[in-house]
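Student: with the input below, show me the fold.
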Amino acid sequence: MATSRIRLLLPLAAIGCAGLALLPATSSAAQPPSSTVQSSATAARSSIAASPHRDVRFGHGHIGTPAKANPANARHGYNVNGYNWSGAAATGSGFSSVSASWTEPYVTCNSYNDLMAPWVGIDGYGSSTVEQTGVATDCSYGYPVYQAWYEMYPAGPVYYSNPVGPGDQINASVTRSGSTYTLTLTDASRGWTQQVSQGLGAANASAEVIIESPTASYPQFGSVNFFNSTIDGYQLGAWNPVLMDASNSYGYEDHTSAVNGGSFSIQYLQE
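Tutor: As a prediction, the model looks like this:
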């Protein structure tokens, strides 16, 4: 594998985004929010002025910017504008695990700048570290190249040499014990698993199931269906997560569906 081919964007936390409200912690360990907390979380999301800003440095030394998005609630009643993130994020404190499965999409490249990555992770939405693993699809050669990876930001991403491609079922998880994180990625279709454990001092302030475009330029991916999504052993829907849609200047937007238990989808749609 040519690890120099791409360098996945490092999702950073919101910098100076006072509008990002985190759910109050009920204990040192995260718990599914009560109905009272869910109501306050819904109100907080309605007042969010901006989604998390992220560093968009990537592979060949290019400096990108967050997507120049239309308001995410403009045409289709979409969700919070996630800039170059789409998907679901639970907020609070003390998160210790997140997992999800998906089928890698068949991708059509719009440009050499297209890059997308489904992943699961802890932190990154309102905090300055990210512990994450997933699959990146890079169009910098004019056709999609799939690469599995993990990242313990602020360290750089690490790419695996295992083969991965469209149609493969991917199972991903990040678990924490104290300050040690175990990141596991499995390609069930090809029969391989990669796992790494590393220590990091982190806030553990969010847990996510996300599709990201580090370059703020998504290829056409149709839809990605996430299933078996859990946080700290509870289905994703129990957390009333923040839902985000990524949009760009080219008239397309990723629309994140409502979460049903542990399942939701993200569609690539024309605005």
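Student: hey, let's count contacts and neighbours off CA atoms from now on
Tutor: Fine.
Student: doesn't residue 206 make contact with residue 125?
Tutor: Yes. With contact defined as Cα atoms under 8 Å, residue 125 reaches residue 206; the gap is 6.0 Å.
Student: find residues that contact each of those two.
Tutor: 89, 91 (Cα atoms under 8 Å, 6 or more residues apart in numbering).
Student: can you pull the phi/psi pair for residue 236?
Tutor: Per-residue torsions, residue 236: phi -50, psi -40 (degrees, to the nearest 10).
Student: could you measure from it over to residue 206?
Tutor: According to Cα to Cα, to the nearest Å, residue 236 stands 12 Å off from residue 206.
Student: these two: which has the busier surroundings?
Tutor: residue 236 (30 against 27; other Cα atoms under 10 Å).
Student: confidence score at the more buried one?
Tutor: Listed pLDDT for residue 236 reads 98.
Student: wait, what's in contact with it?
Tutor: Contacts of residue 236 by Cα under 8 Å, 6+ apart are 229-230, 259, 261-263.
Student: neighbours around residue 222, how many?
Tutor: So residue 222, with other Cα under 10 Å, has 14 neighbours.
Student: distance of it relative to residue 104?
Tutor: Per Cα to Cα, residue 222 is found 11 Å from residue 104.
Student: again with residue 150
Tutor: From residue 150 to residue 104 the distance is 16 Å (Cα to Cα).
Student: of those two, which one has the most company?
Tutor: With neighbours defined as other Cα under 10 Å, residue 150 and residue 104 compare such that residue 150 has more, 27 against 24.
Student: what segments of the protein are helices?
Tutor: 35-46 (DSSP state H).
Student: where does it have low pLDDT?
Tutor: Applying pLDDT under 70 to the chain flags the ranges 1-77, 248-251, 271.
Student: I'd say residue 160 and residue 147 touch.
Tutor: Yes. The pair formed by residue 160 and residue 147 meets the contact definition of Cα under 8 Å, at 7.0 Å.
Student: which residue of those two possesses the greater neighbour count?
Tutor: Using other Cα under 10 Å as the criterion, residue 160 and residue 147 rank with residue 147 on top: 24 against 17.
Student: which residues touch that one?
Tutor: Shown in contact with residue 147 (Cα under 8 Å, 6+ apart): 135-137, 159-164.
Student: looking at these, which is nearest residue 85?
Tutor: Distance to residue 85 across the contacts of residue 147 (Cα to Cα) is lowest for residue 136, with 13.6 Å.
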